[in-house]
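Asks: Below is the structure, and that's it, no one-letter string:
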């Protein structure tokens, strides 16, 4: 008989596989529209957050197309930091800019900037963090890719200093009903999601970001 942890893990695996399969079926036109919309919504958020740095990620081909948003943030004067994964499943951070050389990362399909690696000290100037997710519940529970990289890093960061404002980056239809994603004690909980339709408040936290035009 499966324990609760095993059952939650199996449920997450099944949900993850189904959502990733849906991502692979999204058309190029839908992704192009989402790219422009994500850039618009992220820049609006940065305008009201601060002039601080941004922590984000370089998206895989099937993930929400965040690259145009990162380029816009760089042009707007924000330093952009993205994660690099170590062999021991820890994450460091490297500054990214358009045109920087990229090298294959330690995870399949992952590309990482070539340059100095930094630890949590860079978060002293990071005020906004965009976090990859397969899905997120309306209650804030994040479904990651199963490696636990962000869960471990955020726990370590929170022990050292206040966390920046965090947004899970998903397609809008990947915001699931409350309780759809099993919540385990180590799972990071989000209060907002960045989607192609705008920034969505999670877990009952109000967010008055203007409602965007549907991009699909």
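Replies: Arrived safely, thanks for sending. Predicted model only: the values in this text are computed from it and were never measured.

Asks: what pLDDT does residue 6 get?
Replies: Per-residue pLDDT puts residue 6 at 69.

Asks: Equivalent analysis for the one 3 residues further on, please.
Replies: Residue 9 is assigned a predicted lDDT (pLDDT) of 79.

Asks: How about residue 147?
Replies: Residue 147 is given a pLDDT of 85.

Asks: Likewise for residue 210?
Replies: In this model, residue 210 carries a pLDDT of 37.

Asks: ok, now residue 108?
Replies: Predicted confidence (pLDDT) for residue 108: 79.

Asks: Spit out the contact partners of the nearest residue to residue 78 once chain neighbours are set aside.
Replies: Nearest non-adjacent residue to residue 78, counting by CB to CB, 6 or more residues apart in numbering: residue 54, 4.9 Å away. Heads up, the C-betas are built off the backbone N, CA and C, glycines and all. Going by CB atoms under 8 Å, 6 or more residues apart in numbering, residue 54 touches 46, 70, 73, 78, 79, 80, 81, 126, 127, 128, 129, 130.

Asks: do the same with residue 171
Replies: 23, 26, 34, 64, 195, 196.

Asks: What subset of these is buried?
Replies: Buried members of the contacts of residue 171, scored by 16 or more other CB atoms under 10 Å, are 23, 34, 64, 195, 196.

Asks: Would you report the backbone torsion angles of residue 13?
Replies: Per-residue torsions, residue 13: phi -60, psi -50 (degrees, to the nearest 10).

Asks: Next, the distance between the ends of stretch 188-202.
Replies: Between the opening and closing residues of stretch 188-202 lies a distance of 13 Å (CA to CA, to the nearest Å).

Asks: can you give me the strands in the protein?
Replies: Counting by DSSP state E, the chain has strands at residues 53-55, 80-85, 91-96, 102-104, 111-113, 126-132, 135-137, 142-143, 165-169, 175-176, 192-195, 198-201.

Asks: May I see these organised as TSV, with mean pLDDT added?
Replies: Shown next, in TSV, are these (pLDDT from 0 to 100):
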stretch	mean pLDDT
strand 53-55	97
strand 80-85	95
strand 91-96	96
strand 102-104	91
strand 111-113	92
strand 126-132	96
strand 135-137	96
strand 142-143	95
strand 165-169	96
strand 175-176	97
strand 192-195	98
strand 198-201	96
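
Asks: between those, which gets nearest to residue 39?
Replies: strand 192-195 (10.6 Å; CB to CB).

Asks: Now find how far off-centre that closest one is within its chain.
Replies: 9 Å (CA atoms, centre = their mean, to the nearest Å).

Asks: Note down every partner strand of that strand and its orientation.
Replies: strand 165-169 (parallel), strand 198-201 (antiparallel) (DSSP bridges).

Asks: Just the buried residues of the shortest one, please?
Replies: What that stands for is strand 198-201. Buried-residue list, strand 198-201, by 16+ other CB under 10 Å: 198, 199, 200.

Asks: Kindly reformat the contacts of residue 171 as CSV containing distance to residue 7.
Replies: Formatted as CSV, those follow (distance: CB to CB, whole Å):
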residue, distance to residue 7
23, 25
26, 30
34, 34
64, 29
195, 29
196, 33
